[in-house]
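S.K.: pasted the sequence and its predicted model underneath.
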Amino acid sequence: MTNTSAHSEHYDAQIPKMGMWLFIFTEMLLFGGLFIVYSIYRYIYGDAFHLAAQELNLTIGTINSMILLFSSTTVAIAISSIQRGNKKLSAIFIIITMVLGIAFLVNKYFEWQVKIGHGLYPGSTVLAGFGHGDTLFFGLYFAMTGLHALHMIIGLVIWGYALVFIQTGKTTQDRPAFIENSGLYWHLIDVIWIFLFSLFYLIT
Amino acid sequence: MSESIHETKEPSYLEVKSHKGIWNWLLTTDHKRIGLMYLYAMITFFGVGVILGLMMKLELIAPGKTIMSAQTYNSFFTLHGIIMIFLIVVPGLPAVFGNFFLPILIGAKDVAFPKLNLLSWYVYMLGAVVALSSQFLSGGAPDTGWTFYAPYSFKTSTNMLPAVLGAFILGFSSILTGLNFIVTMHRLRAKGMTWMKMPLFPWALYGTAWIQLLATPIVGITLLMVVAERTLQIGFFDPALGGDPILYQHLFWIYSHPAVYIMILPAMGVVSEILPTFAQKTIFGYKAIVISTIAIAFVGYFVWGHHMFTSGMSGVALYIFSLLTFLVAIPSAIKVFNWIATLYRGSIRLETPFYWAASFIFVFMIGGLSGLVLGSLATDVYVHDTHFVVAHFHYIVFGGVGFAFIGAMHYWFPKMYGRMYDASWANIGWLFFFIGFNFLYMPMFYLGILGMPRRYFDYVDKFHNGNIVSTIGSWVMVFGLVVIVANLIKSARSGPLADDNPWNGKTLEWATSSPPPLENFEIEPVVTEGPYEYK
């Protein structure tokens, strides 16, 4: 999203920003498809979803939510730092963001592992024994948190690039677009998680 | 329209060589070269799609097995659909003529994200290769139809994954192109070009780009759900696991109906460019066309249910979808009236692009009016899944988009290559194509009303006559197509040099040289008037 017109002499900061916002609309609709499917099956299998949600570990979910919310703060600081020309501080907070992101994924990994250990995964005979509602609940749980985790991994790669770009001087105080856009993307991931957390962990 | 006058000629974009040999194309970020790369890729795929279509028509020339088995026929109509829809008509006009002419029409040097534009081409090619690989891998060619309906798509043992993933990747390319165009139009219009001075092809691309951006991700996630269904056994659409196959149809058409407008809106935009030029007259009702473009893009989101009148839906939903379908016909009709009013008392020049634009109106009206038959509940139940539907959407998708595409090809040919095509061969090609097209698809309306179902390789004797006419029509049409393509290829190499403005057009592409220089204009254009101010 960051390659602005190669031929233009005048740098237009609106171009990368607008491109990123449009991309975010697309991402929201991508997840939107899954949210529609979730709400339809929640409507059909309300009771089963209610019981299945109690299987999820609210503590880990809450910790992960706090990790992500905190990482949004560090992202905001990283953006402000680069806008004020403090490259070093910006890099430090990007690294903190990445550490938080990795912590989230590690938590998620253990959470998945426990679920899979209990046989609560799509295609397992244990889960099939619980009926259609539970099967769909865990199918959606793995699909949606999995897609979210995939986005987090992409986000981490993008932050890696941001660090390189700060180092090489491609991203500077005058052209902070890459870090601003990476921040927008990271915030999007956070917002989606807030909805996932509410839909899977909190509504029981 | 603009004041740009050039004294010394800059080298054209085809003469500028920044890399060695083929890399001039493969590494270019010039929107014009990228447009041509799309064009060549699409012509190749189109050739494959046409051959598949011809073979299907040949199979149907007589009842019973003629040249292929039922399973082969299934995979042929599936691949024909995948190629024609996902590789050609959905990306077609925006990727080829949008890329080439959008920046020029708005007086810009390039699109907003030139590198992303090149990336979109590579993503497109990757998607095409993945989708087509489904034909050659060991599991057998997909046989579900291009719609990948559940439960076929998760039950079939054929190569569903590459086909579905290919369509997903192609959607990604489409999204990136749409994103690029929206930002380009917002930020890079020439000085003085307000929104209401923007030509109508860019306006059509603007409406299209929003649909690409907001509808494509829905089908993307839906196709990923099919992948998850097949690989991870998540039962989104499988009733045995609690899912609902009708839900697949809803999600699929939430994208794929707006996708019809991704196809047809740019075609309407092309016609809105061609007609004023060849009538030498201001377009009638510029604002009405702009508003109807946006209205089609918007209302088009809410009509998907009309593909599913017989699938099982509540009565209320049926009525609402039917009503909305009728509503979306209104802005389309507004455009047709505007085009015809543009021609009224114009100084019409009978050139090849005009023939294509005029015949576009003819076939589009047949396609559009037959669409109303399908939009009404009672008649739809009668002709649903018959050849009537096949005829209808070929009149829109092939008649509409195809005619506009070939028309645009002739209209902008002198600008793209700096050479003129041979007009008499072009007209002969058009005549055969137009006649063949109608002989090919008109009988299908009749066959559909008689009750011939679609997607069958065999039929009872009473459908024989209509099918013979249709098959012969396909030969005539393809003969015309061969003439057209051969003429264009020959003319691109050795046609007479073209003027900068052979049609006396008023939009900005005619203000620069043929072919344009790398950055499109030698002097940045300044716009003072609307796009079609003929005096």
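M.R.: Sure, I can see it.
S.K.: model confidence for B:A295, exactly?
M.R.: Note on B:A295: pLDDT of 89.
S.K.: just the element for it, please.
M.R.: Taking DSSP states H and E as the criterion, B:A295 maps to helix B:286-299.
S.K.: what's that helix packed up against?
M.R.: Helix B:286-299 sits against helix B:200-231, helix B:245-279, helix B:315-343, with contacts defined as 3 or more Cβ pairs under 8 Å, 6 or more residues apart in numbering or on different chains; DSSP states H and E. C-beta: built from backbone N, CA, C; applies to glycine.
S.K.: look up how far chain A lies from the nearest residue to B:A329 once chain neighbours are set aside.
M.R.: Nearest non-adjacent residue to B:A329, counting by Cβ to Cβ, 6 or more residues apart in numbering or on different chains: B:L372, 6.1 Å away. Separation of B:L372 from chain A (Cβ to the nearest Cβ, to the nearest Å): 29 Å.
S.K.: OK, contacts around residue 28?
M.R.: I went with chain A, as the question did not name one. A:L188 (Cβ atoms under 8 Å, 6 or more residues apart in numbering or on different chains).
S.K.: my question was about chain B
M.R.: B:18-19, B:34, B:37, B:118.
S.K.: go on, B:G107?
M.R.: Contacts of B:G107 (Cβ under 8 Å, 6+ apart): B:2, B:189-191, B:193, B:508, B:520-521, B:524-525, B:527.
S.K.: then B:M420?
M.R.: Counting by Cβ under 8 Å, 6+ apart, B:M420 has contacts B:413-414, B:491, B:495-498, B:502.
S.K.: from those, list the buried ones, please.
M.R.: B:413-414, B:491, B:495, B:498 (16 or more other Cβ atoms under 10 Å in any protein chain shown).
S.K.: go ahead and confirm B:K115 touches B:L27.
M.R.: No. Applying Cβ atoms under 8 Å, one finds B:K115 not in contact with B:L27, separated by 10.2 Å.
S.K.: where in the chain is pLDDT low?
M.R.: Just going to use chain A. Chain A contains residues with pLDDT under 70 at A:1-10, A:204.
S.K.: you looked at the wrong chain, it should be chain B
M.R.: Applying pLDDT under 70 to chain B flags the ranges B:1-9.
S.K.: at 50 instead, please
M.R.: For chain B, residues meeting the criterion pLDDT under 50 lie at B:1-7.
S.K.: where's B:F457, which helix or strand?
M.R.: Under DSSP H and E, no helix or strand contains B:F457.
S.K.: which one is it nearest to, not counting chain neighbours?
M.R.: Per Cβ to Cβ, 6+ apart, closest to B:F457 is B:Y73, 3.6 Å.
S.K.: next up, the contacts around the one you found.
M.R.: Neighbours of B:Y73 in contact, by Cβ under 8 Å, 6+ apart: B:56, B:59, B:457.
S.K.: give the full set of residues in contact with the second one.
M.R.: So the one you mean is B:E59. B:65-68, B:73, B:457.
S.K.: okay if I get these as a markdown table plus secondary structure?
M.R.: Shown next, in a markdown table, are the contacts of B:E59 (DSSP: H, G, I helix; E, B strand; the rest coil):
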| residue | secondary structure |
| --- | --- |
| B:K65 | coil |
| B:T66 | coil |
| B:I67 | coil |
| B:M68 | coil |
| B:Y73 | helix |
| B:F457 | coil |
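S.K.: list buried residues within those.
M.R.: The buried subset of the contacts of B:E59 (16+ other Cβ under 10 Å) comprises B:68, B:73, B:457.
S.K.: how near is the residue found closest to B:G300 once you drop the neighbours it is linked to in the chain to B:K506?
M.R.: Using Cβ to Cβ, 6+ apart and skipping residues adjacent in sequence, the residue nearest B:G300 is B:Y261, 4.2 Å away. B:Y261 is 27 Å from B:K506, where distance means Cβ to Cβ, to the nearest Å.
S.K.: of those two, which one has the most company?
M.R.: More neighbours surround B:Y261 than the other of B:Y261 and B:K506, with 25 against 22 (other Cβ atoms under 10 Å in any protein chain shown).
S.K.: quick one: that one from B:G399, how far?
M.R.: 16 Å.
S.K.: the helix ranked longest in chain A and chain B, are they touching?
M.R.: The longest helix of chain A (DSSP state H) is helix A:132-168. Yes. Helix A:132-168 lies within reach of chain B by Cβ under 8 Å from any Cβ of the partner chain, at A:132-133, A:135-136, A:139-140, A:142-143, A:147.
S.K.: that helix: how far from the chain's middle?
M.R.: In terms of Cα atoms, centre = their mean, to the nearest Å, the centre of helix A:132-168 is found 5 Å from the chain centre.
S.K.: who does whatever helix or strand comes next after that helix touch, helix- and strand-wise?
M.R.: Counting by DSSP H and E, the element after helix A:132-168 in chain order, helix or strand, is helix A:177-197. When contacts are defined as 3+ Cβ pairs under 8 Å, 6+ apart, helix A:177-197 packs onto helix A:14-44, helix A:58-83, helix A:87-117, helix A:132-168.
S.K.: flag every buried residue along the host helix or strand of B:K57.
M.R.: Using DSSP H and E, B:K57 sits in helix B:31-59. Residues B:31-39, B:41-42, B:45-46, B:48-50, B:52-57, B:59 are the ones in helix B:31-59 that count as buried (16+ other Cβ under 10 Å).
S.K.: again with stretch A:168-183
M.R.: So for stretch A:168-183, counting by 16+ other Cβ under 10 Å, buried means A:171, A:175-183.
S.K.: does any part of stretch B:316-323 sit near chain A?
M.R.: No. Judged by Cβ under 8 Å from any Cβ, stretch B:316-323 and chain A are separated, with a smallest distance of 13.9 Å.
S.K.: picking that back up, pick the one among the contacts of B:G107 closest to chain A.
M.R.: Closest approach to chain A among these (Cβ to the nearest Cβ): B:N520, at 9.3 Å.
S.K.: got the contact list for the spatially most central residue of chain B?
M.R.: Closest residue to the average C-alpha location of chain B: B:V89 at 3.0 Å, with Cα atoms, centre = their mean. Contacts for B:V89 (Cβ under 8 Å, 6+ apart) come out as B:263, B:397-398, B:401-402.
S.K.: would you mind measuring from it to A:N181?
M.R.: 32 Å.
S.K.: which one of the contacts of B:G107 is nearest to A:L120?
M.R.: Nearest to A:L120 among these: B:R189, at 54.8 Å, using Cβ to Cβ.
S.K.: that closest one and B:A108 touch, don't they?
M.R.: Yes. Applying Cβ under 8 Å as the test, B:R189 and B:A108 come out as touching, 7.0 Å apart.
S.K.: of those two, who's got more company?
M.R.: More neighbours surround B:A108 than the other of B:R189 and B:A108, with 27 against 20 (other Cβ under 10 Å).
S.K.: the more buried one: what's it in contact with?
M.R.: Shown in contact with B:A108 (Cβ under 8 Å, 6+ apart): B:184, B:188-190, B:520.
S.K.: tabulate these (TSV), appending distance to chain A.
M.R.: Formatted as TSV, the contacts of B:A108 follow (distance: Cβ to the nearest Cβ, whole Å):
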residue	distance to chain A
B:T184	9
B:L188	7
B:R189	12
B:A190	13
B:N520	9
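S.K.: most neighbours among those, please name it.
M.R.: Highest neighbour count within the contacts of B:A108: B:T184, with 28 neighbours (other Cβ under 10 Å).
S.K.: can you classify it by secondary structure?
M.R.: Applying three-state DSSP: B:T184 is helix.
S.K.: if I look at it, how far off is B:I106?
M.R.: B:T184 sits 7 Å away from B:I106, going by Cβ to Cβ.
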